[in-house]
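Trainee: Okay, structure incoming, though there's no sequence with it:
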């Protein structure tokens, strides 16, 4: 029996149903890699950030996420190079789908129970997404923004529902807008933390503040 189409599991109907000691025999998620490209790039290297944002409250399967990840990675790597971006999948499939398998062979009506005891067996994993929740984020350099926008546009064909591609005002994956980041970096208030940063508060031991300046 093949996979059911996404329309069967698109809507969030019930409470989250996750893998646990009570819910066993759950198949592995199809998506295993959530960070691609130059993951260890310093926060200063990629100033631009582009998001793929969901416009619906729905469920996205791990198969769809994996397909979108591969499509985006191929397109951006071709146009910006393997080290020219850092992509992050922002949602994780934890919700377990169930299927009440029906027999379709001759004499099936004698063997199966119909809608009696219809609680199904685990058959896959989906991520639950809210309106305006970010699905994918890519940080890159200014010349590659067009390629990243096109790559995320192609990702939209892998998902049910509606999404939009948004070019962020923030510096990379940080919480600071680009002008604010440049200003604070000039003042020496930015502490690099890999793909994001921490802003020096000015509080704490005097010695640490003097060393910083």
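Mentor: Done, it's in. Note that the structure is a prediction, hence the values are computed from the model and not measured.

Trainee: Only C-alpha atoms from now on, for both contacts and neighbour counts.
Mentor: Noted.

Trainee: so where is this structure shaky, pLDDT-wise?
Mentor: Applying pLDDT under 70 to the chain flags residues 1, 106-111, 207-213.

Trainee: Would you list the strands that the strand ranked longest in it pairs with, along with their directions?
Mentor: When the chain is parsed with DSSP state E, its longest strand is strand 121-129. Strand pairing for strand 121-129, determined by DSSP bridges: strand 58-61 (antiparallel), strand 95-99 (antiparallel).

Trainee: So which elements touch the longest helix seen in the chain?
Mentor: For the chain, the helix with the greatest residue count under DSSP state H is helix 62-80. Contact here means 3 or more Cα pairs under 8 Å, 6 or more residues apart in numbering; DSSP states H and E; on that basis helix 62-80 packs against strand 35-37, strand 85-89, strand 121-129, helix 145-155.

Trainee: With distance to residue 193 as extra columns, can I get these in CSV?
Mentor: Shown next, in CSV, are those (distance: least, Cα to Cα, whole Å):
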stretch, distance to residue 193
strand 35-37, 16
strand 85-89, 15
strand 121-129, 28
helix 145-155, 23
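
Trainee: what's the closest of those to residue 198?
Mentor: Proximity to residue 198 (Cα to Cα) singles out strand 85-89 among the helices and strands packed on helix 62-80, at 19.1 Å.

Trainee: one step back: dump the helices and strands packed on helix 62-80 into CSV; add mean neighbour count as well.
Mentor: Output for the helices and strands packed on helix 62-80, formatted as CSV (neighbours: other Cα atoms under 10 Å):
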stretch, mean neighbour count
strand 35-37, 18
strand 85-89, 23
strand 121-129, 20
helix 145-155, 20
